[in-house]
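Colleague: A structural model of the following input is requested.
(one chain, ligands or ions: 2)
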Amino acid sequence: MAKARTYYFCQECGYQSSSWLGRCPECGKFGTFAEEVVKAATQPAAAKAAKTGDSMPKKIQDVAYSETRRIPTHCTEFDRVLGGGIVPGSLLLLGGEPGIGKSTLLLQTALSIHDRRLLYVSGEESEQQIKMRADRLSPEGMPTVQELYVVSETVTQRIFEHIDAVKPDLLIVDSIQTISTDDLDSPAGSVSQIRQCTTEFQHFAKTTGVPVLLIGHITKDGTLAGPKVMEHIVDAVLQFEGDRNYGYRILRALKNRFGSTSEIGIFEMQGNGLREVPNPSEFLLSQRDETLSGAAVAATLEGARPMFIEVQSLVSSAVYGTPQRNANGFDMRRLSMLLAILEKRCGFKLGAKDVFLNIAGGLRVNDPAIDLAVACAVLSSNVDISIPPRYCFAAELGLSGEVRPVSRVEQRIAEADRLGFEKIFISKYNARSLDTRRFNIEIVAVSLIEEAFRALFA
Ligand code: TYD
Ligand code: MG
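Modeller: Ligands and ions are numbered 1, 2, ... in the order given. So this is what the prediction gives:
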């Protein structure tokens, strides 16, 4: 038995030191060191590598692999984000706020994979609780072919015994923060435990070819809890996000060694689990009232997918001295900037008005192409003239009121066409290189915000 030793770990980045330090030399944070007891002297990596002498350099042409070996999750949205299924031997990390639906997503995925043997290890819930959730997710009952094993366990040594007994084709661990190894004395969830356990699962995945899906918690500021090194160890980091008050959930890949990070998956949380949303635009636009002022549709892109979103604005006279500004799903500073542009260019009286902005559906949009729709929604509410419901907008605004081009404009126009819009407002610079005959929709190219204002409300 190796002697127990005490080390100090930076809880922020995982830097290890034999003495306490006030400031981490790795990440520069202050006061992040915590004492952790390490029991077994871990074998140096070089010695381990020397033992497994079965690796052999090959010519790249001779390396064989097969795309078909990916395990499909039978969930189009999930597969899309993964790049076509789970790659054998990969280690995936799914992060997200508590209660967003991580356990639901993975259990639901596990239930839909019938042709493989799966092991679902939970450190958070008992087997009965997992069963209760599973019953909720498949109200019509589980098929008899289901080979999903569940166990409530938190120690890796025990988990690997279960793996030996079950021999699963896919392992799910909920969550890495609750798992610990007997080799370390520090509590589950500490940096050294997370790092050690992740490394053990990675070693297991790489040596056996069995993919491992880990669930990870995220901290208050939205980053994954645990050392940054964990993100380097795993092959893919997926993030599950959404507003808990709304049903929509978005699955994004922050890192993916086997696919693109620009794909997203969209789900809706319902009483019996997550439902896929294959056509988000149709879904988000279906609740529109046709005649109200203050609404404009933005042709945005989320990753590589077009998403048409309704921007709602309410402008009213400020009752108190300081006008109110409020934005849901949109950056406040960007809103202030857009309002300042409107004051300068379109006679909008900034100081005398309260402005409220809402992105329908509780979504958060980062695509700058939403600018023009936001500006037009504010102007529409200000003059109290509605924008025809079949108009949409895709352009960024510059500080001097110029309407700037956006990326992939053809894809946005094609989607607008498909959804039956009559007019799309874009930047003149985007229109130059465009073959407008390809589309049925009328394309309105503007170079300044005043032009859009006149075209809509004059
Ligand atoms: P959960 O998967 O437990 O979240 P996480 O693992 O990310 O912490 O999901 C929690 C929420 O989802 C919970 O508040 C209830 C809701 N939910 C539904 O609305 N419908 C369902 O079918 C299920 C299983 C959960
Ligand atoms: Mg959970």
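
Colleague: from now on I want contacts and neighbour counts done on CA atoms only, so please keep to that.
Modeller: Noted.

Colleague: pull up the residues of this protein that are close to ligand 1.
Modeller: Neighbours of ligand 1 within the chain, by CA under 6 Å from any ligand atom: 98-104, 133, 136-137, 269-273.

Colleague: ok, 5 Å please
Modeller: For the chain, the contact set with ligand 1 under CA under 5 Å from any ligand atom comprises 98-104, 270-273.

Colleague: just the buried ones from those?
Modeller: 100-104, 273 (16 or more other CA atoms under 10 Å).

Colleague: what is the nearest of those residues to A360?
Modeller: Comparing these against A360 with CA to CA picks out I100 as the nearest, at 19.1 Å.

Colleague: mark which of the buried ones among the residues of the chain next to ligand 1 are part of strands, please.
Modeller: Of those, the ones assigned to strands by DSSP state E are G273.

Colleague: restricted to helices, list the residues of the chain next to ligand 1.
Modeller: In helices, defined here by DSSP state H, the members of the residues of the chain next to ligand 1 are 102-104.

Colleague: can I get those in CSV including pLDDT?
Modeller: CSV is the format used below for those (pLDDT from 0 to 100):
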residue, pLDDT
K102, 94
S103, 95
T104, 95
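
Colleague: name the nearest of those residues relative to T300.
Modeller: Using CA to CA, those come closest to T300 at K102, 26.2 Å.

Colleague: run through the residues that contact that closest one.
Modeller: By CA atoms under 8 Å, 6 or more residues apart in numbering, the residues touching K102 are 94-96, 215, 240.

Colleague: now, which of the residues you listed lie within strands?
Modeller: Using DSSP E, the contacts of K102 in strands are 94-96, 215, 240.

Colleague: how about the residues you listed, which pair is most distant?
Modeller: That would be I215 and F240, which, of these, are the farthest apart (CA to CA) at 10.4 Å.

Colleague: neighbour count: those two, which is higher?
Modeller: The neighbour comparison of I215 against F240 (other CA atoms under 10 Å) goes to I215, with 25 against 21.

Colleague: and the more buried one, how far from S336?
Modeller: Per CA to CA, to the nearest Å, I215 is found 38 Å from S336.

Colleague: that older thread, list just the nearest of the buried ones among the residues of the chain next to ligand 1 to I60.
Modeller: K102 (37.6 Å).

Colleague: name the helices or strands packed onto the biggest strand by length in the chain?
Modeller: Identified as the longest strand of the chain according to DSSP E is strand 305-317. Packed against strand 305-317 by the contact rule (3 or more CA pairs under 8 Å, 6 or more residues apart in numbering; DSSP states H and E) you find helix 280-285, strand 295-302, strand 353-359, helix 371-383, helix 409-418.

Colleague: redo these as a markdown table? Include mean neighbour count, distance to R80 and mean pLDDT.
Modeller: Converted to a markdown table, the helices and strands packed on strand 305-317 look like this (neighbours: other CA atoms under 10 Å; distance: least, CA to CA, whole Å; pLDDT from 0 to 100):
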| stretch | mean neighbour count | distance to R80 | mean pLDDT |
| --- | --- | --- | --- |
| helix 280-285 | 16 | 15 | 74 |
| strand 295-302 | 27 | 13 | 91 |
| strand 353-359 | 20 | 25 | 92 |
| helix 371-383 | 25 | 28 | 94 |
| helix 409-418 | 20 | 18 | 91 |
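
Colleague: one step back: neighbouring contacts of the very next helix or strand once past the longest strand of the chain?
Modeller: Next helix or strand after strand 305-317 toward the C-terminus (DSSP states H and E): strand 325-328. Contact partners of strand 325-328, identified using CA under 8 Å, 6+ apart, comprise 332, 335, 354-359, 362, 364.

Colleague: buried residues in strand 325-328?
Modeller: 326-328.

Colleague: F78 belongs to a helix, doesn't it?
Modeller: Yes - checked against DSSP: H, G, I helix; E, B strand; the rest coil, F78 lies within a helix.

Colleague: list the residues that contact it.
Modeller: 85, 251, 265.

Colleague: same deal with V444?
Modeller: Contacts of V444 (CA under 8 Å, 6+ apart): 423-426.

Colleague: ok, so of the buried residues of strand 325-328, who is nearest H232?
Modeller: Nearest member of these to H232, counting by CA to CA, is N328, at 33.4 Å.

Colleague: which phi and psi does F9 have?
Modeller: phi -120, psi 140 (degrees, to the nearest 10).
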